[in-house]
Each structure stands twice: as C-alpha cells, then as structure tokens.
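Participant: Model the following, please.
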Amino acid sequence: MNIHFRNLILVLFSVFLCNLSSYSQNLTKPDTSKPIIFESLNDSIDIASNFYNFYDSLSIYFYPASDKYDNWNTHDIQYHRESTIMNRADSLLKMDTTIIVLQHSGEPEYAHPFCGKITSRFGSSRRYHFHYGIDIDLVTGDPVHCAFDGMVRITQYYKGYGNIIVVRHNNGLETVYAHLSRIFVDTNKFVKAGEIIGLGGNTGRSTGSHLHFEVRYLGTAINPEVLIDFDNCKLLRDTLFLNKRNFGYIVELRALKNAKYHYIKSGQTLSHIAGMYRTSVSVICQMNGLSRTSVLQIGQRIRIR
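Facilitator: Next up, the predicted model:
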C-alpha cells in the first residue's frame, strides 16, 4: 500500500476512535450540549470553505497511479534524485512486458497536444545531446492540449525547458509540455484530455517556437511514437505494451557518457587517427556517421571509443 495512503488511513481511523470514545462517554451522562447555531451566514460559509480546503489538501494523497509511484514531487520534473533514476533505469532494462491501457474500447480518452509538423524526433543527436521527446512546430500562442486525464505535478520555469507542465496520468504515464509562453493550470489540479493547459512558445533553450512533448514511465522517457501517430494526430492503438526494449537507449547513453573523443589537427586522416587509438577506420566511421572519403575539418570532434 502507498505510504501516503496508509498514513491517511491511520489519521482517519484515529479521528474515528476519538469520536467513538466521545460518543460512548456521552451515553453515560445527560446530554447538556446545545445544537450548533450559526450566528451569521458568513460563519457557515467559513466552515464549508475550511472543509473544502482540507479536502483539496488531501487530494495529493490520491494522485494518479499511486500504486506505481512512491511520491508526489511538485518541485522537480524528475520525481527522484539522479542516483535513484539510474537504479530505476536498471530495473526497467530488465522489466517484463507491462500493459498500459491508453483508452478503453476505442472511447475518446486521448487528445493530441497539438497537430503540427514534427521538427525533431526522439533520440536525435544535437551536438551529442540526447533528445528525450518530440518537437512539434507551432506559432507562439497556439493552444496546447492535455493528452490524457490526469493531475498536474509541475508548473514552473525549468532551465532549458522554459515554461513547463508535467501531468501524471491514471495509466502510469507522465506527459511533459515544454517551451510554453503561457500556463493555464495549477499544480495538484486534475485536468481532462483535450483541456487547454497552456499556449505554445519559445521559452527556455529554444531556437524557435515549438512544443517539446515527452512521454515518461516511472520517470524515464520513452519514444512517443510507439503510442502516438503524429501524422494523423491520434493513438496508434488502445493499449501499449512496454518492455525493456523501450529503454534500450539507456545503454547507448551510458556508452556516450564514457565515450572518448579526438579533435582533428592539421594533416590527420582517419587512418592516422585509427592507428593512434588502436581501432579501425570502419569503427570510427560507424560511430560518427562518416564515410572513408569524408573530409575532416581542423578542430572537428570525432568519437574514437
């Protein structure tokens, strides 16, 4: 059982016991209490308001997919520290197939964030930086829609992402909407599929107006194109079957983290560099997307391991 839910049950049970004790004591003595009379309409409104504020504060204990996640982090787009993320990634690389229900029997439970041209795909290299989502071209001010019903976990300005919204969904997925010009929702609020949650923009580390859209499972990104048909702005199927193959890119990222590079100097050739590092020209070409006849530029960085 989720630790937050368990704590809530204990609190409610304690309140119940206190009330039961008070009730049993009242059975042994005359009831001299008087009925509660509101002295004014404002008194009754204040009491009702306090109740609903209390109820709203409890909503975080019932966040979506609480059976899969062990916390509700509203300050960081990653809901765990980096060390924990890497440990979780190790478990994902060994996971059996997990079934994620995206919508039931074709019912419209999905809305496309924005129908536009894809300008950058998942995994594409940007000066050796991995791209964890899909970039969709738009004009600043275009409406951005929530993909599935869920609860808003993050609304803030966050480093290279600019203005960002992270929504956790009942099916265990999280969706990320970045570079927004405006945000229309608040943290800890429930949103519906298709609801306009913000406006597209160019905030953060961005070279032009677009929506950076991510899909994550347990804090780790997956390729959105395994579940969404971006050309036709709809789901590929009602159910997603996740397994370790969806997280195979993590192995590639770790290899890049430990990679070694060489900067081209005047007169150097691929054969010369291969000899320096006891590797082969074909391996260097494969790692860098080069051919044997590629022209090398002085100062160019190439991966050699």
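
Participant: where exactly do the helices run in the stretch 151-300 of the chain?
Facilitator: Using DSSP state H, counting those that start in this stretch, the helices of the stretch 151-300 of the chain run over 249-257, 270-276, 281-288.

Participant: Tell me which residues are up against the shortest one.
Facilitator: Spelled out, it's helix 270-276. Applying CB atoms under 8 Å, 6 or more residues apart in numbering, the contact partners of helix 270-276 are 262, 264, 280-281, 283-285, 290, 292, 294, 296, 302, 304. In short, each C-beta sits where N, CA and C put it, glycine included.

Participant: top of those by neighbour count?
Facilitator: When neighbours are counted by other CB atoms under 10 Å, Ile284 leads these with 22 neighbours.

Participant: mind listing what that one touches?
Facilitator: Shown in contact with Ile284 (CB under 8 Å, 6+ apart): Leu270, Ile273, Ala274, Leu290, Ile302, Arg303, Ile304.

Participant: Same question for His112.
Facilitator: By CB under 8 Å, 6+ apart, the contact list for His112 reads His145, Ala147, Ile228, Cys233, Lys234.

Participant: quick one: what helix or strand has the second one in it?
Facilitator: Right, the one you point to is Ala147. Using DSSP states H and E, Ala147 falls within no helix or strand.

Participant: you'd agree it is up against Thr175?
Facilitator: Yes. Checked against CB atoms under 8 Å, the pair Ala147 and Thr175 is within contact range at 4.9 Å.

Participant: any residues in contact with both of those two?
Facilitator: Pro113, Val167, His169.

Participant: filter those residues to the buried ones?
Facilitator: Pro113, Val167, His169 (16 or more other CB atoms under 10 Å).

Participant: Switch the residues you listed over to TSV; also include distance to Asn223 and pLDDT.
Facilitator: As requested, those are exported to TSV (distance: CB to CB, whole Å; pLDDT from 0 to 100):
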residue	distance to Asn223	pLDDT
Pro113	15	98
Val167	18	97
His169	17	96
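
Participant: For Thr155, state which of those is nearest.
Facilitator: Val167 (9.6 Å; CB to CB).

Participant: what's the pLDDT at the residue nearest to that closest one when sequence neighbours are not counted?
Facilitator: Closest residue in space to Val167, ignoring its immediate chain neighbours: Gly150 at 4.3 Å, by CB to CB, 6 or more residues apart in numbering. Looking at Gly150, its pLDDT stands at 96.

Participant: same check, this time on the one 10 residues further on
Facilitator: Model confidence at Gly160, given as pLDDT, is 90.

Participant: Name the nearest residue to it, sequence neighbours excluded.
Facilitator: Nearest residue to Gly160, sequence neighbours excluded (CB to CB, 6+ apart): Arg205, at 3.6 Å.
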